[in-house]
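Novice: one predicted model, sequence on top.
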Amino acid sequence: MSADGDGDRHGEGEAADASSAHGDREFAVVVVEPETPGNVGTIARAMKNFGLADLKLVDPPELDPDGEAYGFAGHAREDVLPNADTVTLDEVVERYHTVGTTAITGEDARRHVRYPFKTPAELRESLATVDADTALVFGREGTGLSNDELERLDEVISIPANPEYPVLNLGQAATVTLYELRSLFLDEYQLPDVEHERAEEPEIERFYEQFGSFLGEAESRDHKRERSERLIRRLVGRAHPTSKEMTTLTGVFRRATELMTHADHADREGHRGER
């Protein structure tokens, strides 16, 4: 991905510790001639977020421990950034299966340097089946990787973006790419388990009964009540609610029914007193 701009700050989330999802396979991130220390720090932070630790820099600027790179790196200032290696592109090409990043610039099968491109998501699918040490190579802020450099790499990816302005900041490009590839590096995430168990049918039926009692207080017309009951069954059936959700909803409608019942009773008593 060709990149422009400065070292913009990015999201605050820190990744949970995780071991590599692919055994002994090694992944490295390589940044060729970065100009802005802040972008190096942003990339180091993204690596920490998504489970990578091996940062390699080709002809980098000075990275002052009190400067911008360490300021942008978050917790990566403790390990990823200070352990970064200075290398040459030749060394990377000789050692790794290499994937370069570039902006989409209108190439096609008739006119191209490296065509077709993969998206990061497509790369994730293909790398999942290949057991090879891999280096993800990012270019300069202003010009990205040169055509000569791209021709030396094994694969090329590009991030789908607005065709009127497909050029991302270097730190943004690296963050998006590493996010898309995260399942190659992480066995687990900080997100809770999205799977849940559907409530037992008796719990759901108790909710339907309570909802029916609520409608009995709220709606006097039979056809309206019947239609509402059918709609709520369709809604709950699609939602696959948990036991806690059903318990909560049942309690809410029970309380609403009680309040309406008490209000109706008080209203009747009031009318008797006026006679």
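Specialist: In hand now; what should we look at?
Novice: contacts and neighbour counts: CA atoms only from here.
Specialist: Noted.
Novice: all strands of the chain, in order?
Specialist: 27-32, 54-58, 85-87, 97-101, 134-138, 155-157 (DSSP state E).
Novice: okay, now the sheet partners of the fifth one, with direction.
Specialist: Think strand 134-138. In the sheet, strand 134-138 lines up against strand 27-32 (parallel), strand 97-101 (parallel) (DSSP bridges).
Novice: can you tell me which residue sits nearest the middle of the chain?
Specialist: Central residue of the chain (Cα atoms, centre = their mean): Tyr179, 6.2 Å from the mean position.
Novice: re the thing from before, now render the strands of the chain as TSV, adding distance to His75 and mean pLDDT.
Specialist: Below are these laid out as TSV (distance: least, Cα to Cα, whole Å; pLDDT from 0 to 100):
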stretch	distance to His75	mean pLDDT
strand 27-32	17	97
strand 54-58	14	98
strand 85-87	18	97
strand 97-101	25	93
strand 134-138	21	96
strand 155-157	28	92
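Novice: could you dump the strands paired with strand 134-138 to TSV with distance to Pro82?
Specialist: Shown next, in TSV, are the strands paired with strand 134-138 (distance: least, Cα to Cα, whole Å):
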stretch	distance to Pro82
strand 27-32	14
strand 97-101	23
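Novice: any low-confidence regions in the protein?
Specialist: 1-23, 104-116, 188-196, 264-275 (pLDDT under 70).
Novice: which residue ranges of it form helices?
Specialist: Applying DSSP state H to the chain gives helices spanning 37-49, 68-72, 89-95, 120-127, 147-152, 170-180, 201-218, 222-239, 243-274.
Novice: follow-up on the earlier one: from what I can see the residue nearest to the centre of the chain touches Leu52, true?
Specialist: No - between Tyr179 and Leu52 there is no contact under Cα atoms under 8 Å: 11.0 Å.
Novice: give me the common contacts of the two.
Specialist: Shared contacts of Tyr179 and Leu52, defined by Cα atoms under 8 Å, 6 or more residues apart in numbering, are absent.
Novice: if anything else comes up later, I'll come back, but that's it for now.
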